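Student: based on what follows, work out the 3D shape:
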Amino acid sequence: MVDALPWPFTGRDEELDLVRGSFAAGRPGLVLGGPAGVGRTRLAAEALRGTDAARVAGTPETRGTAFGAFAHLLPEGVTLHRAVRLLSAVRLLLVDDAHLLDAASAALVHQLAVQGRTRLLVLVADGAPAPGAVTRLWTGGLLPRLDLEPLSREDTGRLLEAAVGVRAEPFTARRLHDLAAGDLRLLRDLLDAVRGRDTPARGAVPERGARDGVTWAWRGPLPVTPALRERAAAVLDRPRPDERDALDRLAFAEPRPRALPADGRALRVLEDLEAEGLVHVEDDGTVRLAHPLHGPLLRAAAGRLRARRLTAHRPPYGPALDTEAAAVADGIARADVRTLRAPVGEWLVTEGEPVPAAYAAARARWSRLRGALHEAAAWAREGLATSPADPACRSELASATAQSGGTPTPAARTSPAAPDGARPRPTAAACPATLWSAAAHGDLDTALADLDAATAYDAVRLGAPERAAGLLPPGGVFARHADALARADGPALDAVAAELEARGFLLFAAEASAQAAGVHRAPGPARTARTRAVTLARRCQGARTPALAGLVLGELTARQRQIVTLAAAGLSNRQIAERLTLSVRTVGNHLYGAYTRLGAADRTALPPLVALPRPRPRDVPRPVELPRPADLPQPMDLPQPMARPDTRTA
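Tutor: Coordinates of the predicted model:
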């Protein structure tokens, strides 16, 4: 069980700075809002750490008692006028759950805001009725309001890793994120439930290519713990059998919603459930459970016979998977990988059902083109679990592993993306994983020795657009990328990066922005491009390509870059210290700081990061001018690997 561990604080750095800034001199404070469970109280506690702030909290039990929330700060029988005078000496006051304050306490908070001597941090929940004196804090302009958004999937993954100490594989992190629906308290209950079961599928399992060596995965049904049962009491403890039966039918229809029933009685049951907020009716007339947690719990709580009856007439998944695979192929062919609605395939994975290799390879390629490299590798592994020798899944796994900094397993020589979105076909071109392994170690000649139309865009990403001349489909964003880089045109590269990002190619966009930062002559645009590249690269799940190498090196101090370069050349800490006239401890400290910024495990992960120089305008030969018709290009392969980290020390 992990409930004994402290819940870590992560993913709210910008909000933390804003809250702390609201306490500065001359500022009145802040109202912090957001959905229930989004982490308002945790953020406030982190922001107030080390201060002498006073704290009050509204509760349902004290709503009928005058100044009930301030009972520990004020004497009995106090008036509002005297309460304001007594609390005017408090420099910082936290008001938690202000929507639950009694009328007198709400009026006191409002008067303190009007007076302006006490800085206030007021926490309110979205959708909850609040006293008028509280709502007028922000509607009347007394305090600014900051509304917290639920954590993103990436931040949720980092939070889970910080809580458990081991990274959750992508499907597990996504499943927990979706089930929690932004409620961090529910996320904690879910984590306790799935990590409390000592089974191999839920333990730490090795993941080839992961820098930390292991991940943990969760497959199968959701454990029905007391905490989760209490949260789902509204659906699990329905007093009316017809309502529970309707909820069960919706639960066992997942992942595809059910159509509205024609029967009048069944329709009225759904109307009652909709009025309570338990079901949601979509615009096309389909009905689904309103909260993502309810379906898994209803299925887990049903007996075997009931589950068998409810699933007896469920249509097969094959046609739905074919439809989703066709949508994947269409998006790749149109060079548009922004969004994909494919609930059936994702549901099969999380429920532990076998996934056809062809479908898994298509999803792996889609994820890889988006820059979601860990997710791409996970999809490829799902396909290999069904068909261990599938060449497309092996190729996708090798490519994703190489670009994530691991050593790829041998893969079939395949074309990364066929024009029609079909499964990759054998080709004479170099295996993408091998290509990027060579590039990461500085061997550009080997990497670019055997390009064809399917791998031509890799040359552009490696800073050699002249090698792509005549190979890229003309007129699209990939050909424009090659042309802009060949002309060392910073503004054109910025425009290409923006279009790539808009189409969902986040890794390609990060690389284009990094290249733009290297060719801009003015420092302002170069800084902007570099910041954009860093932001995009952080969304690409640990991608390591030569275009990003100079980017991450730019995050180091001058001394760190100097020491990292020597370490990458093979010098020990003592040799570096002697050469630079530093102490061995100082060298070690600089290297540790560099490892942290670069995301490297140790010095063995450094050579790929520093081996390739950043392309400069004078280093790029000018190719033949590329034509610009209107056809969209087909996306090429994504690349890149790094050296295997080991534990070698100085």
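Student: buried residues in stretch 101-112?
Tutor: Buried residues in stretch 101-112, counted by 16 or more other CB atoms under 10 Å: 101-102, 104-112. No exception for glycine: its C-beta is placed from N, CA and C like everyone else's.
Student: domain ranges for the protein, per the record?
Tutor: 13-147, 153-220, 228-311 (automatic domain parsing).
Student: need those domains in JSON lines with mean pLDDT and distance to Leu384, can you?
Tutor: Below are these laid out as JSON lines (pLDDT from 0 to 100; distance: least, CB to CB, whole Å):
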{"stretch": "domain 13-147", "mean pLDDT": "93", "distance to Leu384": "37"}
{"stretch": "domain 153-220", "mean pLDDT": "78", "distance to Leu384": "11"}
{"stretch": "domain 228-311", "mean pLDDT": "92", "distance to Leu384": "23"}
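Student: of those, which is nearest Thr446?
Tutor: domain 153-220 (21.2 Å; CB to CB).
Student: for that closest one, the distance to its chain's centre please.
Tutor: 13 Å (CA atoms, centre = their mean, to the nearest Å).
Student: what residues are up against Arg341?
Tutor: Applying CB atoms under 8 Å, 6 or more residues apart in numbering, we find Arg341 in contact with Ala327.
Student: let's see it at 10 Å
Tutor: Taking CB atoms under 10 Å, 6 or more residues apart in numbering, we find Arg341 in contact with 324, 327.
Student: next secondary structure after the host helix or strand of Arg299?
Tutor: Assigned by DSSP states H and E, Arg299 falls within helix 294-301. On the C-terminal side of helix 294-301, the nearest following helix or strand under DSSP H and E is helix 304-311.
Student: what is the rounded mean pLDDT of the helix or strand following that following helix?
Tutor: Under the assignment DSSP H and E, the closest C-terminal helix or strand after helix 304-311 is helix 318-333. Mean pLDDT, computed over helix 318-333, is 93.
Student: list the helices and strands helix 318-333 packs on?
Tutor: helix 343-350, helix 357-370 (3 or more CB pairs under 10 Å, 6 or more residues apart in numbering; DSSP states H and E).
Student: report the buried residues of it.
Tutor: 320-321, 324-325, 327-329, 331-333.
Student: before we move on, what about stretch 262-278?
Tutor: 269-270, 273, 278.
Student: and for stretch 582-599?
Tutor: Buried, per 16+ other CB under 10 Å, within stretch 582-599: 582, 587-588, 590-591, 593-595, 598.
Student: what do you get for stretch 28-40?
Tutor: Those would be 28-35, 37-40, for stretch 28-40 by 16+ other CB under 10 Å.
Student: tell me the one of those nearest Ala438?
Tutor: Gly39 (44.9 Å).
Student: the buried residues of stretch 262-278 in helices, which ones?
Tutor: 269-270, 273 (DSSP state H).
Student: show me the strands in the protein, by range?
Tutor: Assigned by DSSP state E, the strands in the chain fall at 29-33, 54-57, 92-96, 119-123, 145-147, 167-168, 204-206, 214-216, 258-259, 279-281, 286-289.
Student: want to throw those strands into CSV with distance to Arg136?
Tutor: Output for the strands of the chain, formatted as CSV (distance: least, CB to CB, whole Å):
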stretch, distance to Arg136
strand 29-33, 11
strand 54-57, 18
strand 92-96, 14
strand 119-123, 12
strand 145-147, 12
strand 167-168, 43
strand 204-206, 52
strand 214-216, 48
strand 258-259, 45
strand 279-281, 33
strand 286-289, 37
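Student: identify whichever of the ones you listed lies nearest to Glu511.
Tutor: strand 167-168 (24.4 Å).
Student: helices and strands around the closest one, which ones?
Tutor: helix 153-164, helix 170-180, helix 184-195, strand 214-216.
Student: any idea which of the buried residues of helix 318-333 is closest to Leu92?
Tutor: Gly331 (51.2 Å).
Student: count residues in the vicinity of the closest residue to that closest one other than its chain neighbours, would you?
Tutor: What sits nearest to Gly331 in space, not counting adjacent residues and going by CB to CB, 6 or more residues apart in numbering, is Val337, at 5.3 Å. Using other CB atoms under 10 Å, Val337 is surrounded by 22 other residues.
Student: got phi/psi on Val337?
Tutor: Torsion angles at Val337 (phi, psi; degrees, to the nearest 10) stand at phi -120, psi 40.
Student: ok, it to Pro223 distance?
Tutor: 35 Å (CB to CB, to the nearest Å).
Student: nearest to Asp452, of the domains of the chain?
Tutor: Using CB to CB, the nearest of those to Asp452 is domain 153-220, at 25.9 Å.
Student: go ahead and flag the most central residue of this protein.
Tutor: Glu154 (1.9 Å; CA atoms, centre = their mean).
Student: of all the helices and strands packed on strand 167-168, which one is nearest Leu493?
Tutor: helix 153-164 (25.5 Å).
Student: next, count neighbours for Thr59.
Tutor: 14.
Student: so who does it touch?
Tutor: Contacts of Thr59 (CB under 10 Å, 6+ apart): 65, 68-69, 96-97, 100-102.
Student: and the two most separated of those?
Tutor: Going by CB to CB, the pair spanning these furthest: Thr65 and Asp96, at 16.8 Å.
Student: which one's more surrounded, these two?
Tutor: Between Thr65 and Asp96, Asp96 has the larger neighbour count (other CB under 10 Å), namely 21 against 13.
Student: just the helices in the stretch 1-150 of the chain please.
Tutor: Here the stretch 1-150 of the chain has its helices, by DSSP state H, counting those that start in this stretch, at 13-21, 40-47, 80-87, 103-115, 132-139.
Student: in a markdown table, list those along with distance to Ala234.
Tutor: Below are the helices of the stretch 1-150 of the chain laid out as a markdown table (distance: least, CB to CB, whole Å):
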| stretch | distance to Ala234 |
| --- | --- |
| helix 13-21 | 31 |
| helix 40-47 | 23 |
| helix 80-87 | 39 |
| helix 103-115 | 29 |
| helix 132-139 | 27 |
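Student: who wins for proximity to Thr531 among the ones you listed?
Tutor: Once those are compared by CB to CB, helix 13-21 is nearest, at 14.1 Å.
Student: ok, back up a step: among the buried residues of stretch 101-112, which one sits closest to Gly50?
Tutor: Nearest member of the buried residues of stretch 101-112 to Gly50, counting by CB to CB, is Leu112, at 22.5 Å.
Student: could you measure that closest one against Ser513, distance?
Tutor: 47 Å.
Student: ditto for Asp242
Tutor: Taken as CB to CB, the span from Asp242 to Ser513 is 57 Å.
Student: what about these two, which has more around it?
Tutor: Ser513 (30 against 13).
Student: neighbours around the closest residue to that one other than its chain neighbours, how many?
Tutor: Nearest residue to Ser513, sequence neighbours excluded (CB to CB, 6+ apart): Ala533, at 3.6 Å. By the criterion of other CB under 10 Å, Ala533 has 27 neighbours.
Student: surely Ala533 and Ala510 touch.
Tutor: Yes. Because the distance of 5.0 Å satisfies CB atoms under 10 Å, Ala533 is recorded as touching Ala510.
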